[in-house]
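Asker: Please work out how this folds:
(one chain, ligands or ions: 2)
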Amino acid sequence: MAHSFHGGVHPDYCKAPEVPVTVIKPPPQVVIPMIQHIGAPNRPLVQKGEKVTMGQKIGENPAPVSAPVHASVSGTVVAVEPRPHPLGDMVMSVVIENDYLDTPCTELAPMTPEQLREPEAILERIREAGVVGMGGAMFPTSFKIRGGIGKVDKLIINGAECEPYLNGDHLTMLAHPEELLKGIELVRIAGGLDKAYYGIEKNKQDAIDLLNSFHPEQYGVEIVPEEVKYPQGAEKMQVKAITGREVKPGGIPSGVGANVVSTRTCFAVYQACYIGKPVIQRIVTVAGSAMKAPVNALTRVGTPFGYLAEQCGGFVKRPRKIVLGGPMMGICATSFDAPNIKGTAGVLFFTEKEDKNIEEPSCIRCGKCLTVCPMHLEPVFMYMYYSKGDYENMAKYHITDCFECGSCAYNCPARMPLTHAFKTAKLMFQAKAANEKARAEAAARREESAG
Ligand code: SF4
Ligand code: SF4
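Answerer: Numbering: from 1, shown residues only. Ligands and ions are numbered 1, 2, ... in the order given. So this is what the prediction gives:
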């Protein structure tokens, strides 16, 4: 079976796999936002002036879809207030002055061998340690696994890392193969499954060989080499490549019996269960033409981007754009003061060299965008109807099925802002639906009071 999918592109990957992981000195102050997951925001558990230990839980929410946050350094809480968040806006955060002692918190002990075989104990630990989708999605992992029990028969571990620049997952595979396999085994046990499929693009052959040398079958894992093509790492593409199943537009992998968990998430699960370490640290790829050199930095969660850049060698040129994640699907950050969070796989500092936007682009009807959409969409027509504000035809061309992978925009010689347009169009549809709902509710209330 060809482990691949329809469409996709082959961007310049700009990876630097030979770059070793650099351990970054923790900053004098860490900023820990209460939102680092999809779901209910956490409430701070500490107050200004309190002493905290490294790994201490400092924010939580009892709602099922949530994940607690922990202090990434030991020290003193100097503020509990809204601070710039990497995804925009101001978000309630706990600011800790680092005492540079790294006094550990002993709340989470390593699990016993018996507990490591017990699905409920593993799920509880994954939640307590604040593990979320660390590929960027930040969905609470325990909730995701629990939701799949009895419905999901295929567990897929995402090792594609297909976005240009990013290679923290690749380095994790090379540095911690056994720990990674143990983490995958725990996710598999927690989900009640006999086998996990680890999809890795063939451009990481050294990692594939290394993982295979550790006999993955003894952990219930099969390594599946995949074609090198963007966006292989998108969940829907992983499901298609490994199982042949199509996740319908608007659907999620569990709808076709599959769950997809990222490489870094599995490593965090290993650390949570075997070591008793919550998510307070992660590898972040720091790159882009504004940087002196690309660096894979082992950072504490809560490290401000400005400090991170400085510790990674600094700028050769003032960046024009900060992109979080990869250049294809990443989002722009607006502040150097915002900190890295659990889902920050990369921080790219770009100058005008990478800023390819042009004024008043014009479609040349070449059709190149039609050949690459993994969702079989027709970007050229979607854009045309978006420009006219024609909702009927935007819907007819399934604009809301776009998952913003950026392949069409990448392939467009006229540099049409296709992905940006589709992102905006989806927001327009959401706003329209909300307005219609509000109007219908108001009409129903009027009818009720009249009757
Ligand atoms: S951005 Fe949307 S329309 Fe363009 S290729 Fe990706 S899924 Fe298709
Ligand atoms: S690739 Fe760009 S220029 Fe070509 S048809 Fe599509 S939108 Fe137009």
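
Asker: Distance check, N411 against ligand 2.
Answerer: Counting by Cβ to the nearest ligand atom, to the nearest Å, the gap from N411 to ligand 2 is 6 Å. All C-beta spots, glycine's among them, are computed from the backbone N, C-alpha and C.

Asker: How about V9?
Answerer: The gap separating V9 from ligand 2 is 11 Å, by Cβ to the nearest ligand atom.

Asker: How about the contacts made by that residue?
Answerer: K229, Y230, V372, S407, Y410, N411 (Cβ atoms under 8 Å, 6 or more residues apart in numbering).

Asker: likewise M34?
Answerer: By Cβ under 8 Å, 6+ apart, the neighbours of M34 are P41, N42, R43, P44, G59, V69, V91, M92, S93, V94.

Asker: List only buried entries from these.
Answerer: Burial by neighbour count, judged by 16 or more other Cβ atoms under 10 Å, picks out N42, P44, G59, V69, V91, M92, S93, V94 from the contacts of M34.

Asker: who touches the first one in this structure?
Answerer: Which is N42. Shown in contact with N42 (Cβ under 8 Å, 6+ apart): M34, I35, G59, E60, N61, S66, A67, P68, V69.

Asker: For P225, which non-adjacent residue is spatially closest?
Answerer: Of all residues not flanking P225 in the chain, K202 sits nearest, at 4.9 Å (Cβ to Cβ, 6 or more residues apart in numbering).

Asker: per-residue pLDDT, that neighbour?
Answerer: Looking at K202, its pLDDT stands at 94.

Asker: okay, G314: pLDDT?
Answerer: The model reports G314 with a pLDDT of 94.

Asker: what residues does the stretch 251-400 of the chain put near ligand 2?
Answerer: Residues of the stretch 251-400 of the chain lying close to ligand 2 (Cβ under 6 Å from any ligand atom) are C363, I364, R365, C366, G367, K368, C369, P379, V380, Y383.

Asker: Please verify my assumption that the first one contacts P379.
Answerer: By that I understand C363. No: between C363 and P379 there is no contact under Cβ atoms under 8 Å: 9.8 Å.

Asker: where exactly do the helices run in this structure?
Answerer: 119-128, 141-148, 168-175, 177-190, 205-213, 235-243, 263-270, 305-311, 379-388, 391-396, 407-411, 418-450 (DSSP state H).

Asker: so which of those is the most packed in?
Answerer: Counting by mean count of other Cβ atoms under 10 Å, helix 263-270 has the highest mean neighbour count of those, with a mean of 27.

Asker: Would you agree E185 is in contact with E217?
Answerer: No: using Cβ under 8 Å, E185 makes no contact with E217, being 11.0 Å away.

Asker: Can you spell out the domain ranges of this protein, please?
Answerer: Using automatic domain parsing, the domains assigned to the chain come out as 115-275, 368-446.

Asker: so which of those domains gets nearest ligand 1?
Answerer: Closest to ligand 1 of the domains of the chain is domain 368-446 (Cβ to the nearest ligand atom; 3.2 Å).

Asker: what stretches of the stretch 301-450 of the chain score poorly on pLDDT?
Answerer: For the stretch 301-450 of the chain, residues meeting the criterion pLDDT under 70 lie at 355-357.

Asker: which parts of it sit against ligand 1?
Answerer: Going by Cβ under 6 Å from any ligand atom, the residues of the stretch 301-450 of the chain near ligand 1 are 372-373, 375, 377, 379, 402-408, 418-419, 422.

Asker: Apply 5 Å and report the result again.
Answerer: Neighbours of ligand 1 within the stretch 301-450 of the chain, by Cβ under 5 Å from any ligand atom: C373, M375, L377, P379, C402, C405, S407, C408, T419.
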